[in-house]
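Participant: need the 3D shape of this:
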Amino acid sequence: MDGRTVVVGVSGGIAAYKSCELVRRLRDRGAAVIVVMTSAATEFVTPLTFQVLSGNPVVRDLWGNQRPRFDLPPAAARRIKGRVEHVDVAGAADCIVVAPATADLMARLVHGEAPDALTAVALASRAPLVVCPAMDLEMWLHPSTQANAQALRARGATLVGPESGSLASGLEGPGRLAEVGAIVAAAEKVLERRAGLAGLRVLVGAGRTEEPLDPVRVLTNRSSGRMGFALAAAARDRGAAVTVVAGPVSVDPPHGVELVRVSAAAEMEKAMLERAPRADVVLMAAAVADFRPARARGEKLKRAGGPLTLDLEPTADILARIGARRRPGQVLVGFALETSRGLARARAKLAEKRLDLVVLNSPALGLGGETTQVTLVEPRSQGRLPLQSKRETAEAILDRVIELGAAPRRRAVPRRRAPARAAARRPRKRRAGRRA
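Facilitator: Numbers count the residues shown, from 1 in each chain. Next up, the predicted model:
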């Protein structure tokens, strides 16, 4: 964790005392730590405790010193503008760990509420979020809390715990804060992921295509675009320069990516083939029509009282054309939506299209929905993932893409720390992290 800045958010639960050990462990790993507390958290542990353990001022509310001095690595120090405290902390963060996360705090994170410093920092930051729930048994099991947990996962947050055991109320069951070691390991993993595709160019095909029958009707499918957009967002968050070629979709695209809009299969073919040679990774999640009308009518088709016969012709196989032209070192991933003989057909697609990986799914377990269950198929192995959000599935796919050879291009992280002040540089004679 050398050279990284971790923001530890502490909300008002009895498990707040365990966050002291978390801060110490993170610093032992070489991370710079800034603690942000809710007012309720200060009822359990004093800010002074966290200030001593972290070596940095503790952020307690939105109305305090807007130009505090933080002892930060050079990379984080350069991101500080020195005007608004919670914005500076959000920008300095390489990772945000909320431990403990109460039911109330999780609900505010989901709904984008920011009445305090902790939720304001989380809302203002692009850093990966690790949420560690801790609450009483029935609060955790409540449908509202479960829905909030699922929403956080779907947006890319990592949830750690809760664990089962004796609770402060005397009840037994899930609700205990995860062990500190598990939280630190999760933070290390998301920090590693964040730079996993740094400097690489990732091309994503997303959405569906629409093949016109006449000026009103089209041949299409039920793909929503969620899987392609989840892949794009996950690759962006790992440091990649992402281009998305998207057909019609049912959801909003992620920010921070280049978006190329297309409609028909021929348009997607042209856009993908133009950009594929420059990409280090190609993720073809688009549901491209296999057939199109041989001739689109110039006027709306009218009901004639009898059957209608349509002449269809095959569209180009975009991924096969990309595979035929692939360059050394490029990683190609395709998707296979099958209703029968899935593994056999996925392996055939691997060979025929010169792919590294095929993501096999079925209409019943993901088409158009927010969750999916897929199998990652390779020439000599396959691995079935659990039913989970499409963002979680995207992370698993990218983990495998990196293992298959998509090595990041990044500079070494500086190991030396440099003190930083939000407002201005301090005189050299002052000790790092001390107030003027």
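
Participant: my read: Ser263 touches Gly207, true?
Facilitator: No. Using CB atoms under 8 Å as the test, Ser263 is too far from Gly207 to be in contact (9.6 Å). Placement of C-beta: from N, CA and C, glycine included.

Participant: now do the shared contacts for these two.
Facilitator: Shared contacts of Ser263 and Gly207, defined by CB atoms under 8 Å, 6 or more residues apart in numbering, comprise Gly247, Pro248.

Participant: quick one: the helices in the protein?
Facilitator: Using DSSP state H, the helices of the chain run over 18-28, 47-54, 74-78, 85-92, 103-111, 117-124, 137-141, 143-154, 180-194, 226-237, 265-275, 318-324, 342-353, 390-403.

Participant: what's the nearest residue to Leu200 if we skip its chain neighbours?
Facilitator: Leaving aside its sequence neighbours, Leu200 sits nearest to Asp280 (CB to CB, 6 or more residues apart in numbering; 4.3 Å).

Participant: actually, Gly30.
Facilitator: Nearest residue to Gly30, sequence neighbours excluded (CB to CB, 6+ apart): Asp2, at 3.8 Å.

Participant: before we move on, the earlier item: pick out the shakiest of the helices of the chain, pLDDT-wise.
Facilitator: With a mean of 83, helix 74-78 has the lowest mean pLDDT of these.

Participant: with just CA atoms, put that one into CSV.
Facilitator: Taking C-alpha atoms only, helix 74-78 is exported to CSV below (Å, rounded to 0.1, in the frame of the first residue of the first chain):
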residue,chain,number,x,y,z
PRO,A,74,3.1,13.0,-3.5
ALA,A,75,0.4,11.6,-5.9
ALA,A,76,-2.4,12.4,-3.4
ALA,A,77,-0.9,15.8,-2.5
ARG,A,78,-1.1,16.9,-6.1
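
Participant: pull out the buried positions in it.
Facilitator: Using 16 or more other CB atoms under 10 Å as the test for burial, helix 74-78 gives Ala75, Ala76, Ala77.

Participant: stretch 95-114 too?
Facilitator: Neighbour-count burial for stretch 95-114 [16+ other CB under 10 Å]: 95-106, 108-110, 114.

Participant: got it, and stretch 218-238?
Facilitator: 218-221, 223-238.

Participant: and for stretch 67-75?
Facilitator: Result for stretch 67-75 [16+ other CB under 10 Å]: buried residues Pro68, Arg69, Phe70, Asp71, Leu72, Pro73, Ala75.

Participant: beta-bridge partners for the third one, please?
Facilitator: For Phe70, the beta-bridge assignment (DSSP bridges) gives partners Ala420.

Participant: isn't it right next to Val36, touching?
Facilitator: No. With contacts counted by CB under 8 Å, Phe70 stays clear of Val36, the gap being 11.9 Å.

Participant: mind showing which ranges of the stretch 301-436 of the chain have poor pLDDT?
Facilitator: Applying pLDDT under 70 to the stretch 301-436 of the chain picks out residues 406-436.

Participant: ok, now how distant is the residue of the chain most remote from its centre from Arg217?
Facilitator: The C-alpha centroid of the chain is most remote from Gly305, which lies 51.7 Å away (CA atoms, centre = their mean). Gly305 sits at a distance of 18 Å from Arg217 (criterion: CB to CB, to the nearest Å).
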